[in-house]
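*Asks:* model the structure of this input:
(2 chains)
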Amino acid sequence: MTISREDIEKVAVLARIRVDEEQVSALEKDLGNILDLVDQLSAADTDSVEPMAHPLDAVQRLRADEVTETDQRAAFQAIAPATENGLYLVPRVIE
Amino acid sequence: MHNKSVAELSRELDSGKVSSVELTQDFLSRIKQEDSKYNSFITVTEEQALADARSADEQRAAGNATPWTGVPFAHKDIFCTNGVRTTCGSKMLENFVPPYDATVTENFRKAGAVSLGKTNMDEFAMGSSNESSHFGAVTNPWGLSKGEKRVPGGSSGGSAAAVAARLVPAATATDTGGSIRQPAALCGVTGLKPTYGRVSRYGMIAFASSLDQGGTMARTAEDNALMLNVMAGFDPKDSTSLDRAVPDYTATLNEPLKGLRIGLPKEYFSDQLSPAMEEQVRAAIREYEKLGATVKEVSLPNAKLAIAAYYVIAPAEASANLSRFDGVRYGYRCEEPKDLLDLYTRTRAEGFGTEVKRRILVGTYALSAGYFDAYYLKAQKVRRLIQQDFINAFKEVDVLMSPTSPSPAFIQGEKTNDPVTMYLEDIFTIAINLAGVPAMSVPAGFIDGLPVGLQIIGDYFSEARLLNAAHQFQQVTDWHQREPQ
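*Replies:* Okay, here's the model as predicted:
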């Protein structure tokens, strides 16, 4: 299994990770090797097998529809990189 | 004092022979003197520890003691600690101070245990050698006397090295593909990965949520039982936590092993296993036979697919979990982002290390349009086949035994250039996480002066039986008491 430069550039955009030109070759090799390893799966006969998400097939629990969380905005925003008037600051999105 | 187990320290505190403040000072000064050799701690919380120790001494004097009241220990730096920096071994969280406690952290706090700090680990628990930490590699205490710098295993390498070096008697750890058992084996300590869902994942920084499980590390099986007594239990804050009664794991440690049925998976004793490793493991199994256990060969026919399935499922889940690190709400943010996309992509490029980025990219690829069925869904189907192998095996035997790792601790830098070679470190441990069953690693001998581990695997919720089997082994062997020089 090989993975192309274009694939890597596309995946990097999807993953929101900047990949510099000089890193692409190393990633091509490393990701290619990992996908080679993973390709062993294709030999397994899984025709009538249900995919497994939880080892004990547990499902999401429902809880009572009650407010249990208190307002901790100040504590949470105290550790944010940039805030103002209770808002998180990011670069301007709309010009 | 530093050679004593948690159980022994607890008794000393109980009898008043020593105070928690004295114990805490003793271990803190050991960390100060010794840890420059190992780098097993990322953060040491001296002031908080001494304050907690004073309060523990008061609790004991007032007659409100649990077995843990005043006993020093450490947390893997993946468990959120309210007010104490929690880095997960990453530059991304270098200055992250959580505003809340993980359930595991809270449980130890309530029990009165005294945390001395946070132990080093592979970045976001992705690694088998503790070399991917942003805070530097951890050095295994074993081999240092010969001038060799060996890895402690990973990802819980800091916890394993700290326990082996007697800097703490016990430390918490986590295991997604072997991250408790492999470092325990490589450092000569005892570690337990419980059944998936047994220990709350709330506040335990997520890597691969369907595989991650918190667990225990100490020198003796008894201390692992004492830890699990505090850690195990249902938690409504963890949606995959299981609501099952928690036994007293120390109550059954002394049950005789007569009649215990041991299975040896033939796939784990193939000709690829080194003769030296096989010899150590078979010698350990002979000890079990002397204790009255019977041994038979069993088969896990799909185990060979475990690494392949894992390296789809774990990166896929990691790519989703780690999307939360965006430079907006907490953690690292790049300098002067020119727009929102630049903020995201540069924050993540600069904040994550090489292995983490590699896994996020693999996971994103496996989940992307056109590949989801071929990779993620296929891996989840193979996962069920692997699980079925374990279910079938446990119809015939009570526990399975194997080596924990293919070889003892390797030299730092030996495998860092080839991720796939590193992944094969977990060849005996990964299938257990996919199945979700519990497993331990118990010190079982040495090869060229380096410790090796015996892996004991049990059926769902059989932690008490595993701890019993490990404890009985430790009554007739002293591998777990050996101290690195």
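*Asks:* only C-alpha atoms from now on, for both contacts and neighbour counts.
*Replies:* OK.
*Asks:* what ranges does chain B have for its strands?
*Replies:* All strands of chain B, identified by DSSP state E, fall at B:41-44, B:72-76, B:114-119, B:170-175, B:190-193, B:213-218, B:261-265, B:294-298, B:399-403, B:439-447, B:450-458.
*Asks:* can you check chain A too?
*Replies:* Under DSSP E, chain A gives strands at A:83-84, A:87-88.
*Asks:* quick one: is the first one near chain B?
*Replies:* No - between strand A:83-84 and chain B, judged by C-alpha under 8 Å from any C-alpha of the partner chain, nothing touches; the nearest distance is 8.9 Å.
*Asks:* contacts for that strand next, please.
*Replies:* Residues outside strand A:83-84 that contact it (C-alpha atoms under 8 Å, 6 or more residues apart in numbering or on different chains): A:77, A:89.
*Asks:* can you give the strand pairings for it, parallel or anti for each?
*Replies:* Strand A:83-84 pairs in its sheet with strand A:87-88 (antiparallel), by DSSP bridges.
*Asks:* for the strands of chain B, which one ends up most surrounded?
*Replies:* Across the strands of chain B, averaging neighbours per residue (mean count of other C-alpha atoms under 10 Å in any protein chain shown) puts strand B:190-193 on top, at a mean of 34.
*Asks:* re earlier: just put the strands of chain A in JSON lines and tack on mean pLDDT.
*Replies:* Converted to JSON lines, the strands of chain A look like this (pLDDT from 0 to 100):
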{"stretch": "strand A:83-84", "mean pLDDT": "96"}
{"stretch": "strand A:87-88", "mean pLDDT": "96"}
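*Asks:* contacts only, for residue B:293.
*Replies:* Neighbouring residues of residue B:293 by C-alpha under 8 Å, 6+ apart: B:257-262.
*Asks:* likewise for residue B:316?
*Replies:* B:208, B:359-360, B:362-364, B:366-367, B:376 are the contacts of residue B:316 under C-alpha under 8 Å, 6+ apart.
*Asks:* and the pLDDT at the spatially most central residue of chain A?
*Replies:* Closest to where the C-alpha atoms of chain A average out (C-alpha atoms, centre = their mean) is residue A:15, at 6.7 Å. Looking at residue A:15, its pLDDT is 98.
*Asks:* ok, now the one 3 residues further on?
*Replies:* Confidence at residue A:18, expressed as pLDDT, is 97.
*Asks:* do you know how far the spatially closest residue to it that is not a sequence neighbour is from residue A:17?
*Replies:* Excluding its sequence neighbours, the residue lying closest to residue A:18 (C-alpha to C-alpha, 6 or more residues apart in numbering or on different chains) is residue B:345, at 4.8 Å. According to C-alpha to C-alpha, to the nearest Å, residue B:345 and residue A:17 sit 4 Å apart.
*Asks:* tell me where chain A has helices.
*Replies:* Taking DSSP state H to define them, one finds helices in chain A at A:5-14, A:21-38, A:73-77.
*Asks:* including distance to residue B:228 and mean neighbour count, could those go into TSV?
*Replies:* Conversion of the helices of chain A to TSV gives the following (distance: least, C-alpha to C-alpha, whole Å; neighbours: other C-alpha atoms under 10 Å in any protein chain shown):
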stretch	distance to residue B:228	mean neighbour count
helix A:5-14	40	16
helix A:21-38	34	16
helix A:73-77	31	13
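*Asks:* for the ones you listed, which one sits closest to chain B?
*Replies:* Between chain B and the helices of chain A, the shortest gap by C-alpha to the nearest C-alpha is with helix A:21-38, which sits at 4.3 Å.
*Asks:* near chain B at all, that closest one?
*Replies:* Yes - using C-alpha under 8 Å from any C-alpha, helix A:21-38 comes into contact with chain B via A:27, A:30-31, A:33-34, A:37-38.
*Asks:* in TSV, list those residues along with pLDDT and distance to residue A:57.
*Replies:* As requested, the residues of helix A:21-38 next to chain B are exported to TSV (pLDDT from 0 to 100; distance: C-alpha to C-alpha, whole Å):
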residue	pLDDT	distance to residue A:57
A:27	94	36
A:30	93	34
A:31	94	31
A:33	93	32
A:34	93	29
A:37	93	27
A:38	94	24
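*Asks:* where does pLDDT dip in chain A?
*Replies:* Chain A contains residues with pLDDT under 70 at A:1.
*Asks:* if you set the cut-off to 90 instead, what comes out?
*Replies:* Counting by pLDDT under 90, chain A contains low-confidence residues at A:1-3, A:53-63, A:68-69, A:92-95.
*Asks:* ok, the residue of chain B most remote from its centre to residue A:93 distance?
*Replies:* Residue farthest from the centre of chain B, counting by C-alpha atoms, centre = their mean, is residue B:338 at 40.6 Å. Distance, residue B:338 to residue A:93, using C-alpha to C-alpha: 10 Å.
*Asks:* ok, residue B:228 next?
*Replies:* Distance from residue B:228 to residue A:93, by C-alpha to C-alpha: 49 Å.
*Asks:* check residue B:120 too.
*Replies:* 38 Å.
*Asks:* compare those two (neighbour count), which wins?
*Replies:* Using other C-alpha atoms under 10 Å in any protein chain shown as the criterion, residue B:120 and residue A:93 rank with residue B:120 on top: 37 against 8.
*Asks:* so for that one, what's the nearest residue that isn't a sequence neighbour?
*Replies:* Distances taken as C-alpha to C-alpha, 6+ apart place residue B:158 nearest to residue B:120, at 4.3 Å, with adjacent residues excluded.
*Asks:* on that earlier part again, correct me, but the residue nearest to the centre of chain A touches residue B:321?
*Replies:* No - assessed by C-alpha atoms under 8 Å, residue A:15 is found out of contact with residue B:321, at 11.5 Å.
*Asks:* quick one: residues contacting the residue most central in space within chain B.
*Replies:* Central residue of chain B (C-alpha atoms, centre = their mean): residue B:180, 2.3 Å from the mean position. Neighbouring residues of residue B:180 by C-alpha under 8 Å, 6+ apart: B:154-156, B:173-174, B:191-193, B:215-217.
*Asks:* hang on, the earlier thing: would you format the strands of chain A as JSON lines with mean neighbour count included?
*Replies:* What follows is the strands of chain A, written out as JSON lines (neighbours: other C-alpha atoms under 10 Å in any protein chain shown):
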{"stretch": "strand A:83-84", "mean neighbour count": "12"}
{"stretch": "strand A:87-88", "mean neighbour count": "12"}
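*Asks:* separation between the residue nearest to residue B:45 when sequence neighbours are not counted and residue B:79?
*Replies:* Of all residues not flanking residue B:45 in the chain, residue B:117 sits nearest, at 5.0 Å (C-alpha to C-alpha, 6+ apart). For residue B:117, the distance to residue B:79 equals 11 Å [C-alpha to C-alpha].
*Asks:* what does the stretch 51-200 of chain B put close to chain A?
*Replies:* B:96-97, B:99, B:196.
*Asks:* now do 6 Å
*Replies:* Residues of the stretch 51-200 of chain B lying near chain A by C-alpha under 6 Å from any C-alpha of the partner chain: none.
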